[in-house]
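J.: turn this into a structure:
(one chain, ligands or ions: 1)
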Amino acid sequence: MSQQVKTGMQHYIEIGRQKQQAEQQYREKMRKKRFDTIAAHGMYSLEEASSNYGSTMEPLVLSPAQHFENSDHLEAALSYATPAWGYTRIHNPSLHYLEETLSLLEGYGYDGETNSTVTSSGMSAIFMATQPFLEDPVPGVNFIADAKCYGGTFMLFNERYHKERNIDVRWIEDSSDLSHWEHSIDEHTRFLYVEMPSNPSLTVVDLEGLSALAHHHNLPLIVDATIATPALMRPLRHGADIVIHSLSKAIGGSGSAIAGAIIAKNHITTKLNNDDLKANFTGYLKLWPMRDHGPALSPMSAHFLLNDIRTLRTRVDAMSKNALTVAKQLESIPSVEAVYYPGLPSNAGHTTAKRYMQLVDHPEQSNRYGHLISFTVASGAQATRDTLDRLSLIWRATDLGRHKSVAVIPSISTHQQQGETGRSLASIPANLIRLSIGMEHPDDLMTDLEQALQ
Ligand SMILES: Cc1ncc(COP(=O)(O)O)c(C=O)c1O
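T.: Purely as a prediction, here's the structure:
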């Protein structure tokens, strides 16, 4: 590199440093705000609006690529010497606003700093968050995962990792019993993976106990907290290293986008000998593996999601209250065999859920248990299909977390492809209906459910 070029690049490196400093100051300011304020404003400031036509909304940058002032600017940006977005597969300003907002919300109440990346779907978030730990598969390499997880996650772990790459997936059938996790760990274990609450069984786990166990063995704990959202539960505060969200669900409640997110604490626990990965897990993902795998989110989707996030806490509160009302009433219907909802005192995980699932910034009676309920129909598989077919207000779709209530039979849809053995590991019988409760009045939902269950 010639002296002249180097000097020219340094100008842009210095501009980048100042920009990062100003951003860090604003981040510190926002970290002191309450959850709803962060959700509404994110990282977009009044000062910034003046260089954005005065717009009160974050800029939506659809351009695939950034224009550079000159070759020094281009080289400084593309060698990652100065913060720039460059090309939307690698980064983009609209994605940045979403990532920063999620990082602040998931880190709310956690003392340390957090980092985040968004991805094209929840599944790509799960892939990107787990793949770096499995890159050098020495014989015996394994990870330990909650068998009660979303069907797509089961298939990624079982088909892609286990069958295609011979990586040992050690399934935990009862995630609440920490001794099962402990007995599965050995010297070649790379991470522990849990879904809380799980889809569709709604099981919960002692997050603090599980993260202490993971860290005792120098392993990261990865938690898919899609069903809870940061409005109810923020696993990083309880020791988890990495949190995953399918933003396609309650976080993006209006249902306008498929997206995912990974949020990590700075300095995760891992045996991997990679300082960049440890210090800023998602920063590492964005600059290196994601650059090559290419699971970038569309800026348009990021814009929709930012708008959904502004009302996250109030939506989750309303949906959770509705879900508790419906779950209680379902319990008293004779044709319902069992109801699975962590908010019911009859639920095996109720005490644990009470400890971890609380509506953020709500001082009194603050437990909320989310929008997802599962129940079994007493007279078997055909009666379950008939019940689903009779619904006339609640939608039949493989979807959840929406303003509108949605129902599905997991054994013939979301968890069909994992087969009988996979479903039996995950305890998903043919007579189970998964019900995502929306913003409707619960009386109207019960009228529909009662007629369907007759
Ligand atoms: C708990 C959970 N995690 C991850 C996913 C995958 O998300 P996506 O559909 O955005 O890829 C889903 C999808 O239903 C889910 O329910």
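
J.: any idea how far the ligand is from Lys163?
T.: Lys163 sits 20 Å away from the ligand, going by CB to the nearest ligand atom, to the nearest Å. Placement of C-beta: from N, CA and C, glycine included.

J.: actually Ile126, not the one I wrote
T.: 6 Å.

J.: equivalent analysis for Ile268, please.
T.: Applying CB to the nearest ligand atom, the value for Ile268 to the ligand is 20 Å.

J.: residues near that residue, how many?
T.: With neighbours defined by other CB atoms under 10 Å, the count for Ile268 comes to 21.

J.: list the contacts of the residue of the chain found nearest the ligand.
T.: Going by CB to the nearest ligand atom, the ligand is nearest to Gly122 of the chain, at 2.2 Å. Neighbouring residues of Gly122 by CB atoms under 8 Å, 6 or more residues apart in numbering: 150, 152, 224, 226, 244-249, 258-260.

J.: filter these down to the ones near the ligand?
T.: Contacts with the ligand within the contacts of Gly122, as defined by CB under 6 Å from any ligand atom: Tyr150, Gly152, Asp224, Thr226, Ser246, Ser248, Ile258, Gly260.

J.: pick out the most distant pair among those residues.
T.: Asp224 and Ile258 (15.8 Å; CB to CB).

J.: that older thread, from Met128, how far off is the residue of the chain closest to the ligand?
T.: Gly122 sits 11 Å away from Met128 when distances are taken as CB to CB, to the nearest Å.

J.: returning to that earlier point: any idea which of the ones next to the ligand among the contacts of Gly122 is the one closest to Gly438?
T.: When those are compared against Gly438 (criterion: CB to CB), the nearest one is Ser248, at 15.1 Å.

J.: shouldn't Phe157 be within a strand?
T.: No - according to DSSP: H, G, I helix; E, B strand; the rest coil, Phe157 belongs to no strand; its state is helix.

J.: that one reaches Ala145, doesn't it?
T.: Yes - Phe157 lies in contact with Ala145 (CB atoms under 8 Å); the separation is 5.7 Å.

J.: the more surrounded of those two?
T.: Ranked by neighbour count (other CB under 10 Å), Phe157 and Ala145 place Ala145 first, with 26 against 22.

J.: how about the secondary structure of that one?
T.: strand.

J.: pretty sure it contacts Asp168?
T.: No - Ala145 lies out of contact with Asp168 (CB under 8 Å); the separation is 10.7 Å.

J.: helices and strands of the protein: which one bottoms out on pLDDT?
T.: Lowest on mean pLDDT, DSSP states H and E among the helices and strands of the chain sits helix 3-31, with a mean of 89.

J.: what's in contact with the very next helix or strand once past that one?
T.: Counting by DSSP states H and E, the element after helix 3-31 in chain order, helix or strand, is helix 35-41. Helix 35-41 is contacted from outside by 30, 33, 101, 104-105, 108, 230-231, 309-314, 360-361, using CB under 8 Å, 6+ apart.

J.: any of those buried? List them.
T.: Met30, Thr101, Leu104, Leu105, Tyr108, Pro230, Ala231, Ile309, Arg310, Leu312, Arg313, Val360 (16 or more other CB atoms under 10 Å).

J.: run through those and flag the ones next to the ligand.
T.: Answer for the buried ones among the contacts of helix 35-41 near the ligand: none qualify (CB under 6 Å from any ligand atom).

J.: and those residues, which of them are in strands?
T.: Applying DSSP state E to the buried ones among the contacts of helix 35-41, no entry is found in strands.

J.: what's the nearest residue to the most centrally placed residue in the chain if we skip its chain neighbours?
T.: Geometric centre of the chain, nearest residue: His245, 0.9 Å, by CA atoms, centre = their mean. Take His245 and drop its neighbours on the chain: the residue closest to it by CB to CB, 6 or more residues apart in numbering is Ala261, 4.6 Å away.

J.: what do you get for His362?
T.: Asp317 (7.4 Å).

J.: show me what contacts that neighbour?
T.: Ala231, Leu359, His362, Arg368.

J.: what residues does the chain have near the ligand?
T.: So the chain meets the ligand at 121-123, 150, 152, 195, 199, 224, 226-227, 246, 248, 258, 260 (CB under 6 Å from any ligand atom).

J.: can we see that at 5 Å?
T.: Contacts of the chain with the ligand, taken as CB under 5 Å from any ligand atom, map to Ser121, Gly122, Met123, Tyr150, Asn199, Asp224, Thr226, Ser246, Ser248.

J.: so which of the residues you listed belong to strands?
T.: Asp224, Ser246.

J.: now a PyMOL select for only the buried ones of the residues of the chain next to the ligand.
T.: Of the residues of the chain next to the ligand, the buried ones can be selected in PyMOL as follows, counting by 16+ other CB under 10 Å:
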select buried, resi 121+122+123+150+199+224+226+246+248
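
J.: reformat the residues of the chain next to the ligand as TSV; add pLDDT and distance to Thr114.
T.: Below are the residues of the chain next to the ligand laid out as TSV (pLDDT from 0 to 100; distance: CB to CB, whole Å):
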residue	pLDDT	distance to Thr114
Ser121	98	21
Gly122	98	19
Met123	98	22
Tyr150	96	23
Asn199	96	24
Asp224	98	17
Thr226	98	17
Ser246	98	19
Ser248	98	21
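
J.: just checking, Met123 touches Leu156?
T.: Yes - under the criterion of CB under 8 Å, Met123 makes contact with Leu156 at 6.6 Å.

J.: ok so Ile77 is a strand residue?
T.: Not quite, residue 77 is Ala, not Ile. No - using three-state DSSP, the assignment for Ala77 is helix, not a strand.

J.: not counting sequence-adjacent ones, nearest residue to it?
T.: Ala84 (3.5 Å).

J.: ok, now Thr325?
T.: Using CB to CB, 6+ apart, the nearest residue to Thr325 is Pro442, at 4.2 Å.

J.: also Ala452?
T.: Closest to Ala452 by CB to CB, 6+ apart is Arg390, at 4.0 Å.

J.: hmm, that neighbour is touching Gln451, no?
T.: Yes - counting by CB under 8 Å, Arg390 does reach Gln451; the two are 6.5 Å apart.

J.: how near is Leu324 to Leu202?
T.: 13 Å.

J.: can you map out the strands along the stretch 201-350 of the chain?
T.: Ranges of strands within the stretch 201-350 of the chain are 221-224, 242-246, 260-265, 336-340, based on DSSP state E, counting those that start in this stretch.

J.: what's the closest of those strands to Glu48?
T.: strand 260-265 (22.3 Å).

J.: residues near Arg17, how many?
T.: Neighbour number of Arg17 under other CB under 10 Å is 12.

J.: look up the closest residue to it, ignoring the ones flanking it.
T.: Using CB to CB, 6+ apart, the nearest residue to Arg17 is Thr82, at 7.7 Å.
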